[in-house]
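Student: predicted coordinates and the sequence they were generated for:
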Amino acid sequence: MTSPLREAFREQAEHCEGLGSPFMGRLLRLLADKWPQDTALAEKLDNWSGDIRPMAASLPLRTTGGLHALVLKGMDGDLASVYPPNAATDDALWAAVEAALRTHDDWLCGWVDNAPQTNEVRRSAALIAASNLLNDRFGLPMRLSELGASGGLNLMFDQFSLQLQDQTYGASGATVALNPTWTGVLPPVSTPDIRDRRGVDLNPLEAASEEGALRLLAYLWPDQSDRMDRTRAAITLQTAEVDRADAIDWLGDRIEQPFGGLHLIYHTVAWQYFPTDVQARGQQIIEDAGAKATPERPLAWLRMEADGNSPGASLTMRLWPGDQLIDLGRIDFHGRWVDWQGPERLS
């Protein structure tokens, strides 16, 4: 009989394979086929309240994140020996995984209490492009407010570089270099002057701490070493504050704080996790603030979120005064490619 948990493992396997991780596809299918029912972790996950699928509580990624954390912490040498960059047969991989599930049962039960947090740095390609587009139009100091900021790595996007064809955006000689496959016109080069940056998360991570870095790295996929390297580099740049709070309560306070310039509110694959009533309240707060915006104090709301279409996520921006809705195109969930449909310049 197929259980909801096994189906969730298989669904996550397809997502991971589609995002370029064959190892995660193998691991998740093995978990789906061979999941041991006689552990405390199995009992906990089988009795989980609510939607356990990848786009909800995401129990499959909580489980594989815990296994990867065991490797990163050096807690299980046998498991590490079958994880990338090492090669292993399915039988050898499963033997080590099953042993780890049993040996570290209590530890894994504690690990899965917290939702996955990744801070995918390549999503900053969209943030860099949009902020250059905005700065080209307004040329004002900029305030950043990120909802669901996790460890705050993408609050530092102006410290990264973005290479598009022969054009470079962002920081010269940056240790975090982004080079997505880009289709569409190139945005204007107009580096924003960011004067204030702050984020919010229900469970923010201190990226520079050992535990915070472990959480960020464990949810990256073991056969994608470039993502691991990029995230480690971004951690060294992170200086922004991320407050522990309800995102919309926090935004309601922050949006009322005076600022002499452009306020850019953004979120990347976070809004979808807010309850419907919270989304409605957040939208109303932003729209009310937008109604008060002026050319000297404009407001922009940038969204990178799943919209039920494919491929990737939608990129949209609302801009005040005037309440323009601007379709910027689509972006891969991990930022590997951007299909930019934004204008050459904002009018």
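Tutor: Everything's here; your move. Numbering: from 1, shown residues only.

Student: so what's residue 241 bridging to?
Tutor: Per DSSP bridges, the residues bridged to residue 241 are residue 198.

Student: typo on my end, it should be residue 182
Tutor: Bridge pairing for residue 182 - DSSP bridges - gives residue 338.

Student: and it, what does it touch?
Tutor: Taking C-beta atoms under 8 Å, 6 or more residues apart in numbering, we find residue 182 in contact with 164, 165, 337, 338, 340. Glycine gets a C-beta too; all of them are placed from N, C-alpha and C.

Student: the last one: how many residues sit nearby?
Tutor: Spelled out, that is residue 340. The number of residues packed near residue 340 is 24, by other C-beta atoms under 10 Å.

Student: skipping adjacent residues, who's closest to it in space?
Tutor: Closest residue in space to residue 340, ignoring its immediate chain neighbours: residue 184 at 3.4 Å, by C-beta to C-beta, 6 or more residues apart in numbering.

Student: quick check, residue 252 in contact with residue 284.
Tutor: No. At 9.7 Å, residue 252 does not count as touching residue 284 under the criterion of C-beta atoms under 8 Å.

Student: returning to that earlier point: any idea how far residue 315 is from the residue nearest to residue 340?
Tutor: 11 Å (C-beta to C-beta, to the nearest Å).

Student: which of those two has more residues huddled nearby?
Tutor: Ranked by neighbour count (other C-beta under 10 Å), residue 184 and residue 315 place residue 315 first, with 26 against 16.

Student: kindly report the domain assignment for this structure.
Tutor: Domains of the chain are assigned by automatic domain parsing as 4-111, 121-340.

Student: still on that earlier bit, show me which pair in the contacts of residue 182 is furthest apart.
Tutor: Farthest-apart pair in the contacts of residue 182 is 165 and 337; separation 13.9 Å (C-beta to C-beta).

Student: quick one: which of those two has more around it?
Tutor: Here residue 165 and residue 337 are set side by side on neighbour count (other C-beta under 10 Å), and the busier one is residue 337, at 17 against 8.

Student: doesn't residue 179 make contact with that one?
Tutor: No. Counting by C-beta under 8 Å, residue 337 sits too far from residue 179 to count as a contact (10.7 Å).

Student: pLDDT weak spots in the stretch 51-200 of the chain?
Tutor: Of all residues in the stretch 51-200 of the chain, none has pLDDT under 70.

Student: show me where it has helices.
Tutor: Here the stretch 51-200 of the chain has its helices, by DSSP state H, counting those that start in this stretch, at 59-72, 77-80, 90-103, 105-111, 124-138.

Student: buried residues in the longest one, which are they?
Tutor: When you say that, I think you mean helix 124-138. For helix 124-138, a neighbour-count test (16 or more other C-beta atoms under 10 Å) marks 124-138 as buried.

Student: now do the shortest one
Tutor: When neighbours are counted by 16+ other C-beta under 10 Å, the buried residues of helix 77-80 are found to be 79, 80.

Student: before we move on, what SS does residue 29 have?
Tutor: Reduced to three states with DSSP: H, G, I helix; E, B strand; the rest coil, the structure at residue 29 is helix.

Student: how many neighbouring residues does it have?
Tutor: Counted with other C-beta under 10 Å, residues neighbouring residue 29 total 19.

Student: how about it, nearest residue that isn't a chain neighbour?
Tutor: Computed as C-beta to C-beta, 6+ apart, the closest residue to residue 29 that is not its neighbour in sequence is residue 13, at 5.0 Å.

Student: go on, residue 230?
Tutor: residue 121 (5.1 Å).

Student: do I have it right that the one you found meets residue 156?
Tutor: No. Using C-beta under 8 Å as the test, residue 121 is too far from residue 156 to be in contact (9.0 Å).

Student: put the alpha carbons of stretch 230-247 into CSV.
Tutor: C-alpha atoms of stretch 230-247 as CSV (Å, rounded to 0.1, in the frame of the first residue of the first chain):
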residue,chain,number,x,y,z
ARG,A,230,28.4,29.8,-3.4
THR,A,231,26.5,29.7,-0.2
ARG,A,232,29.6,29.5,1.9
ALA,A,233,31.0,32.6,0.1
ALA,A,234,27.7,34.4,0.7
ILE,A,235,27.7,33.6,4.4
THR,A,236,31.0,35.5,4.8
LEU,A,237,29.3,38.6,3.3
GLN,A,238,26.2,38.6,5.4
THR,A,239,25.8,41.6,7.7
ALA,A,240,22.1,42.4,7.4
GLU,A,241,19.7,42.0,10.4
VAL,A,242,16.9,39.5,10.1
ASP,A,243,14.3,40.0,12.8
ARG,A,244,12.3,37.1,14.4
ALA,A,245,8.7,38.1,13.9
ASP,A,246,5.5,37.6,12.0
ALA,A,247,6.3,38.9,8.6
